[in-house]
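1. Predicted model and sequence follow; I will ask about them next.
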Amino acid sequence: MKTTTKLIKTNKPKRLTKQQLELLELVYKFRFVTSQLVSDKYGRQSKVVMYTRLQLLYKRELLGRHYDGLKSLRGEPASYYLLPAGIAALKAQSDPERVSLRTLQAAYKDRTAKETFINESLAIFQLYNDYRRLYPETLSFSTKSNMTFDAFDYFPQALPDGFIRLTQAGTTQCYFLEYVASHISPVGQYKLVKKYSDYFESGEWSSRRSGTPVMLLVCETASVLKAVQKLVTASDLADDHFLVCLKDNPESLLI
């Protein structure tokens, strides 16, 4: 009597390769990425290679993509973000001490993110690439995604866009980073400077760590730079705690 074996299909997702997991964790870190930014990050990889890898994750519905006819006409690249399947993969395979559930929960909203949030996320990624190019061996750069753990509960709230540690000549300097986009109103700029002035005066940092951090305000345009510099000058802590820079001049960002 002939017997047959029936194959049962399951919906269990394929386990990610180390390379694919690393790419998903990079999207987690910045929330939105482009193939060019990812290629610049790795240096050794061409844009075509990184585009192909992102497209594979996109076709597997691990990543979503923001791209439309208007972006195409303007010559802007597609931006990629985590989809629920990608979030689930990170929960299953990533180190929970490196990937927080709080950030993953927030990532569910990225499908409907505003254009301003997408652009700011990409700007932070660009700054990361600029800093790593200038200080490849001595700089550590954490994004807001990396700081959603209890260990950072003494940091300013809401969390800064980035936290940088730069070690030179055996000395480490810490920086909080905020990207000041052109759409932020004068009132918003004032509140941002006041937020960090109040934080430094509170002594929250010194109660947990030594040294004095610097508030790095990276401005999108020259007009924003001028306005923010005026606000910082009016602050009693300007000389000790604030550094205001233009995003297109990375060589002057960290001193």
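-> That came in fine, so what should we check first? Residues are numbered from 1 along each chain as shown.
2. Which strand runs longest in the chain?
-> Using DSSP state E to define each element, the chain has its longest strand at strand 171-180.
3. same for it, what does it pack against?
-> Using 3 or more CB pairs under 8 Å, 6 or more residues apart in numbering; DSSP states H and E, the elements in contact with strand 171-180 are helix 115-134, strand 162-168, helix 186-202, strand 214-219. Where C-beta positions appear, they are placed from N, C-alpha and C, glycine not excepted.
4. Now with 10 Å, please.
-> helix 115-134, strand 139-143, strand 162-168, helix 186-202, strand 214-219, helix 222-233, strand 242-246 (3 or more CB pairs under 10 Å, 6 or more residues apart in numbering; DSSP states H and E).
5. Give me the sheet partners of that strand and which way each runs.
-> If you go by DSSP bridges, strand 171-180 pairs up with strand 162-168 (antiparallel), strand 214-219 (parallel).
6. deepest of the ones you listed, which one?
-> strand 214-219 (a mean of 24; mean count of other CB atoms under 10 Å).
7. Geometric centre of the protein: which residue is closest?
-> residue 30 (3.2 Å; CA atoms, centre = their mean).
8. In the longest strand of the chain, which of the residues would be classed as buried?
-> Neighbour counts using 16 or more other CB atoms under 10 Å place 174, 175, 176, 177, 178, 179, 180 of strand 171-180 among the buried residues.
9. can you tell which of the strands paired with strand 171-180 is closest to residue 18?
-> strand 162-168 (26.0 Å; CB to CB).
10. Give me the contact list for the closest one.
-> Contact partners of strand 162-168, identified using CB atoms under 10 Å, 6 or more residues apart in numbering, comprise 124, 127-128, 131, 134-135, 137-144, 146-147, 152, 155-156, 172-179, 213-214, 216, 218, 253-255.
11. Mind doing that once more with 6 Å?
-> With contact meaning CB atoms under 6 Å, 6 or more residues apart in numbering, strand 162-168 is reached by 138, 139, 140, 141, 142, 143, 172, 173, 174, 175, 177, 254.
12. wait, what's in contact with the third one?
-> By CB under 6 Å, 6+ apart, residue 140 lies in contact with residue 165.
13. Look up how far residue 247 lies from it.
-> From residue 140 across to residue 247, the span is 20 Å (CB to CB, to the nearest Å).
14. Now for residue 235, how many residues are close by?
-> 17 (other CB atoms under 10 Å).
15. that older thread, ranking the helices and strands packed on strand 171-180 by burial, who's on top?
-> Ranked by mean neighbour count, those are led by strand 214-219 with a mean of 24 (mean count of other CB under 10 Å).
16. about what we covered before: I'd guessed the residue nearest to the centre of the chain sits against residue 125; true?
-> Yes. Using CB atoms under 6 Å, residue 30 is in contact with residue 125, at 4.5 Å.
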